[in-house]
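A.B. asks: Sharing a model prediction with you, sequence too.
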Amino acid sequence: LRKVLAGVWLFMSLSGLLYYWVHCHRMAENLSSPSIMLMARSKTGEPVIIDDFRESYWWLRDNTPEDSRVLSWWDYGYQINGIA
């Protein structure tokens, strides 16, 4: 009985470690390639592209002078600098 329980415990531990490893790699891939256009699903399940960030950055580009300063939160500021 002890060997069976030890085998079950070992299997569960290794399964948990494998799940954690896969989860970490998926999160790293998602976080290391940020995008200003997001893909989502509507209530009916249809794919929807959310491009509000892109539209707002284009609006800034087209409607403000080139030497303008924009007050924003720091992470959006990095995006604005990267896209400008």
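C.D. replies: Structure received. Numbers count the residues shown, from 1 in each chain.

A.B. asks: what stretches of the chain score poorly on pLDDT?
C.D. replies: 33-34, 84 (pLDDT under 70).

A.B. asks: Specify the local secondary structure of Glu66.
C.D. replies: Here Glu66 is recorded as coil under DSSP: H, G, I helix; E, B strand; the rest coil.

A.B. asks: how close does it get to Val4?
C.D. replies: Going from Glu66 to Val4 by Cβ to Cβ, to the nearest Å gives 72 Å. For glycine as for every other residue, the C-beta is placed from the backbone atoms N, C-alpha and C.

A.B. asks: repeat for Ile49
C.D. replies: Counting by Cβ to Cβ, the gap from Ile49 to Val4 is 52 Å.

A.B. asks: Which strand or helix spans Met39?
C.D. replies: Assigned by DSSP states H and E, Met39 falls within strand 38-41.

A.B. asks: Other residues contacting that strand?
C.D. replies: Applying Cβ atoms under 8 Å, 6 or more residues apart in numbering, the external contacts of strand 38-41 come out as 47-51.

A.B. asks: Nearest to Trp58, out of those: which one, please.
C.D. replies: Nearest to Trp58 among those is Asp51, at 9.4 Å by Cβ to Cβ.

A.B. asks: Now do the phi/psi pair for the residue nearest to the closest one when sequence neighbours are not counted.
C.D. replies: Using Cβ to Cβ, 6 or more residues apart in numbering and skipping residues adjacent in sequence, the residue nearest Asp51 is Met37, 4.7 Å away. Torsion angles at Met37 (phi, psi; degrees, to the nearest 10) stand at phi -110, psi 130.
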